[in-house]
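S.K.: Dropping the sequence and predicted coords here.
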Amino acid sequence: QVQLVESGGGLAQVGGSLRLSCAASGRTSSIYIMGWFRQASGTEAEFVAAIGRNGVNTYYGDSVKGRFTISRDIAKNTVYLQMNSLKPEDTAVYFCAANSNSRVDLRNPDYRGQGTQVTVSS
């Protein structure tokens with residue numbers, strides 16, 4: 001099994017920044033893709049970003065391209081999401097997620113964390 005624990009959520013102003021972290025533990029050798037999806041109240045889950053096992057290949061949802069950056073510290077089994085130029089529509093619960101295969105879309109992942117709230121206010 002794999003456990004994922006997020007941290008770093010909170011309140012930000014429009015145009016501000018936040019950094020999310022996700023630490024993986026357990027059978028981390030089984031993880032291939034790690035990343036994030038988000039879900040705002042009353043809406044469907046939205047893919048945010050993903051990164052491959054080697055920490056080189058990255059993938060982004062259209063709504064966050066150019067504003068969010070995903071990175072991975074392989075030695076620490078940790079993934080980060082740097083969120084810049086935040087907008088009110090970025091408000092959601094952000095879930096760390098992982099797949100044990102090459103599926104990039106993390107909306108229905110093999111593993112997921114508990115989620116962390118991100119609120120962007122004007």
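M.R.: In hand now; what should we look at?
S.K.: ok, Val2 touching Ser30?
M.R.: Yes. Contact between Val2 and Ser30 holds when scored by CB atoms under 8 Å: they sit 6.5 Å apart. All C-beta spots, glycine's among them, are computed from the backbone N, C-alpha and C.
S.K.: Compare those two and say which one has the larger neighbour count.
M.R.: Neighbours per residue (other CB atoms under 10 Å) separate Val2 from Ser30, with Val2 holding more: 20 against 15.
S.K.: and that one, what are its phi and psi?
M.R.: phi -120, psi 140 (degrees, to the nearest 10).
S.K.: where's it relative to Lys76, distance?
M.R.: When CB to CB, to the nearest Å is the yardstick, Val2 and Lys76 sit 15 Å from each other.
S.K.: how close does the nearest residue to Gly35 once chain neighbours are set aside get to Thr91?
M.R.: Sequence neighbours aside, Ala50 is the residue nearest to Gly35 in space, at 3.3 Å (criterion: CB to CB, 6 or more residues apart in numbering). The gap separating Ala50 from Thr91 is 21 Å, by CB to CB.
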